[in-house]
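Asks: Prediction below, plus the sequence it came from.
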2 protein chains.
Amino acid sequence: MRVEIWSDIACPWCYVGKARFEKALGAFPHRDEVEVVHRSFELDPHRAKGDVQPVLAMLSGKYGMSAAQAQAGEDNLGAQAAAEGLDYRTTGRDHGNTFDMHRLLHLARERGRQDELIQILYRANFAEERSVFSEGDERLVELAAEAGLDTEEARRVLADPAAYADAVRADEREAAELGANGVPFFVLDRAYGVSGAQPAEVFTQALTQAWGERSPLRLIEDGGAEACGPDGCEVPRT
Amino acid sequence: MRVEIWSDIACPWCYVGKARFEKALGAFPHRDEVEVVHRSFELDPHRAKGDVQPVLAMLSGKYGMSAAQAQAGEDNLGAQAAAEGLDYRTTGRDHGNTFDMHRLLHLARERGRQDELIQILYRANFAEERSVFSEGDERLVELAAEAGLDTEEARRVLADPAAYADAVRADEREAAELGANGVPFFVLDRAYGVSGAQPAEVFTQALTQAWGERSPLRLIEDGGAEACGPDGCEVPRT
């Protein structure tokens, strides 16, 4: 079974939702047969690369929250994160464009390091005092190396704005086609969707349901096929 | 839509079947939204890497064909290939283990060059006098370079027998789980299967049917989700 998770590094509910999903997955009997793929979604795609802002100021400016409302939202997120065993800094985080991180996550997927990298990016952004926005490419290279990526390769990808750009855009197009307007958005075998950081129980239900309904392939025009197998190649009757 | 094609470089019907599938795909209105992935299947996995044999001798030895029967089979394949516009050498080809080629095809998939490489391997094996079995790693490196892969990287992968070995084995396990005993085996969106080098019309039918039945995602427990979108992150009511 394949679970695709659309998310953004700048999305606190994605950080929390991933932990809830993983709690369900860890207890799922068929967990070894579940492949998880992270897909790109940008919350703030139109923000320029260098345009970095404190989170609280961004919340006030973009969504018209008062400073107290913005802080209350962050405190709430901090409590929800803590309930999942996650560290969360409720002050002092910053916000910016995440396109380069998504490009790097596509590289990481090709290197079998995607889950490691997204977790490291989340931790840096939400739990540690290591901005993923303010330190330029070198911070991302450093985090990529922690995820097991080759430093030079990560640097090359970051330096080339075209690298994996199409892959990021394709993920985002697909999210829209699937009806995802927000993240996290979980898609199980392209049959079931789970929107948001639902409780682990909901993910358990979704995994169980999708697993139970995996349908056998329907064969189109079977028999008499021209094929090769362990016993040789069929010679068609002419 | 995703089409997965299980095949082997040593499988003539895979070479012919790919052309038939591509004829159908080329005329399919939604072709730009079809992703094709090549998956590994070895016809002769127990043959040692260096154990190379002329195809006609292999057919006689392994399947107990007379020399005339083996040649008739090859002539027939040649005619079927020609009908698809493909060159096919009906004499002088050799046969061997394809594991390393499958490992290379997994590298190529990561580099976005998989379709190029499989086509080049097929051509070398079936149409050109460039054995993919008898010339050691350097022939495969040369073909990988023609497919746009980095020469050094291809050489490194070939020199390390563990590189992508698990990925090849996983594909083969999956083929068995899906009920594929021979190749080519086409799987459309994990919903429909097409076994063998069927006529292009059958692929057209399969593409049309699978496309028409793409089901919308069923959402599990939607509404009230803790999610972030372009308009900010939901603050749950506590």
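Replies: Cool, the structure landed. Numbers count the residues shown, from 1 in each chain, chains lettered A, B, ... in the order given.
Asks: Would you mark the buried spots in stretch A:173-182?
Replies: Using 16 or more other Cβ atoms under 10 Å in any protein chain shown as the test for burial, stretch A:173-182 gives A:Glu174, A:Ala175, A:Leu178, A:Ala180, A:Gly182. The way it works is simple: take the backbone N, C-alpha and C, and place the C-beta from them, glycine included.
Asks: quick one: the second one is in a helix?
Replies: Yes. Residue state for A:Ala175 (DSSP: H, G, I helix; E, B strand; the rest coil) corresponds to a helix.
Asks: ok, it - contacts?
Replies: Counting by Cβ atoms under 8 Å, 6 or more residues apart in numbering or on different chains, A:Ala175 touches A:Trp6, A:Arg39, A:Phe41, A:Val183, A:Phe185.
Asks: now do the first one
Replies: Shown here is A:Glu174, whose contacts under the criterion Cβ under 8 Å, 6+ apart are A:Arg39.
Asks: any idea how far B:Phe186 is from it?
Replies: 22 Å (Cβ to Cβ, to the nearest Å).
Asks: now the last one
Replies: When distance is defined by Cβ to Cβ, A:Gly182 is 35 Å away from B:Phe186.
Asks: now swap in the third one and tell me
Replies: According to Cβ to Cβ, A:Leu178 stands 24 Å off from B:Phe186.
Asks: Then the second one?
Replies: When distances are taken as Cβ to Cβ, A:Ala175 and B:Phe186 turn out to be 27 Å apart.
Asks: Neighbour-wise, give me the winner out of the contacts of A:Ala175.
Replies: For those, the largest number of neighbours (other Cβ atoms under 10 Å in any protein chain shown) sits with A:Phe41, at 30 neighbours.
Asks: Quick check: phi and psi at A:Arg113.
Replies: Backbone dihedrals for A:Arg113, given as degrees, to the nearest 10, come out at phi -120, psi 20.
Asks: count of residues packed around it?
Replies: When neighbours are defined as other Cβ under 10 Å, A:Arg113 has 20 of them.
Asks: try A:Asp166
Replies: Other residues within reach of A:Asp166 by the criterion other Cβ under 10 Å amount to 12.
Asks: host element of it?
Replies: When elements are assigned from DSSP states H and E, A:Asp166 belongs to helix A:165-177.
Asks: try A:Phe203
Replies: Remark: A:Phe203 resides in helix A:200-212, with elements defined by DSSP H and E.
Asks: in that helix, what counts as buried?
Replies: By neighbour count on 16+ other Cβ under 10 Å, the buried set for helix A:200-212 is A:Ala200, A:Val202, A:Phe203, A:Thr204, A:Gln205, A:Ala206, A:Leu207, A:Ala210, A:Trp211.
Asks: For chain B, tell me which of those show up nearby.
Replies: Under the cut-off given by Cβ under 8 Å from any Cβ of the partner chain, chain B has A:Val202, A:Gln205, A:Ala206 from the buried residues of helix A:200-212 close to it.
Asks: OK, contacts around the first one?
Replies: Under the criterion of Cβ under 8 Å, 6+ apart, the contact partners of A:Val202 comprise A:Ala24, A:Val194, B:Ile220, B:Glu221.
Asks: so the first one makes contact with A:Thr204?
Replies: Right, the one you point to is A:Ala24. Yes. The pair formed by A:Ala24 and A:Thr204 meets the contact definition of Cβ atoms under 8 Å, at 4.3 Å.
Asks: pretty sure A:Val3 is in a strand, no?
Replies: Yes. When classified by three-state DSSP, A:Val3 is found to be part of a strand.
Asks: burial count for it?
Replies: Here the neighbour count serves as a burial measure; for A:Val3 (other Cβ under 10 Å) it reads 21.
Asks: A:Ala163 now?
Replies: By the measure other Cβ under 10 Å, the count of residues near A:Ala163 is 18.
Asks: again with A:Glu135
Replies: A:Glu135: 15 surrounding residues under other Cβ under 10 Å.
Asks: in chain A, which spans are strands?
Replies: Counting by DSSP state E, chain A has these strands, from start to end: A:2-7, A:35-40, A:53-54, A:94-95, A:185-188, A:192-195, A:218-219, A:228-229, A:232-233.
Asks: looking at it, A:Val183 is touching A:Asp8, isn't it?
Replies: Yes. The criterion here is Cβ under 8 Å, and A:Val183 meets it with A:Asp8 at 5.7 Å.
Asks: what touches both of these two?
Replies: The contact sets of A:Val183 and A:Asp8 overlap at A:Cys14, A:Phe41, A:Leu43, B:Cys228 (Cβ under 8 Å, 6+ apart).
Asks: mind giving me TSV with those and columns for pLDDT and distance to B:Glu152?
Replies: Output for the shared contacts of A:Val183 and A:Asp8, formatted as TSV (pLDDT from 0 to 100; distance: Cβ to Cβ, whole Å):
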residue	pLDDT	distance to B:Glu152
A:Cys14	97	37
A:Phe41	97	35
A:Leu43	94	39
B:Cys228	91	42
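Asks: Just name the closest of these to A:Gly73, please.
Replies: Checking the shared contacts of A:Val183 and A:Asp8 against A:Gly73 with Cβ to Cβ, the nearest one is B:Cys228 at 10.9 Å.
Asks: For the worst-scoring helix or strand of chain A on mean pLDDT, name the packing helices and strands.
Replies: Least confident helix or strand, chain A: strand A:232-233 with a mean of 82, by mean pLDDT, DSSP states H and E. Applying 3 or more Cβ pairs under 8 Å, 6 or more residues apart in numbering or on different chains; DSSP states H and E, one finds that strand A:232-233 makes contact with helix B:55-63.
Asks: How about the helix it packs on and chain A, touching?
Replies: Yes. Using Cβ under 8 Å from any Cβ, we find that helix B:55-63 touches chain A at B:Leu59, B:Lys62, B:Tyr63.
Asks: Kindly supply the PyMOL command isolating those of these that are buried.
Replies: Selecting only the buried entries of those in PyMOL, with 16+ other Cβ under 10 Å as the criterion:
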select buried, chain B and resi 59
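Asks: and which of the residues of helix B:55-63 next to chain A is nearest to A:Arg123?
Replies: Nearest to A:Arg123, judged by Cβ to Cβ, of these is B:Lys62 at 55.2 Å.
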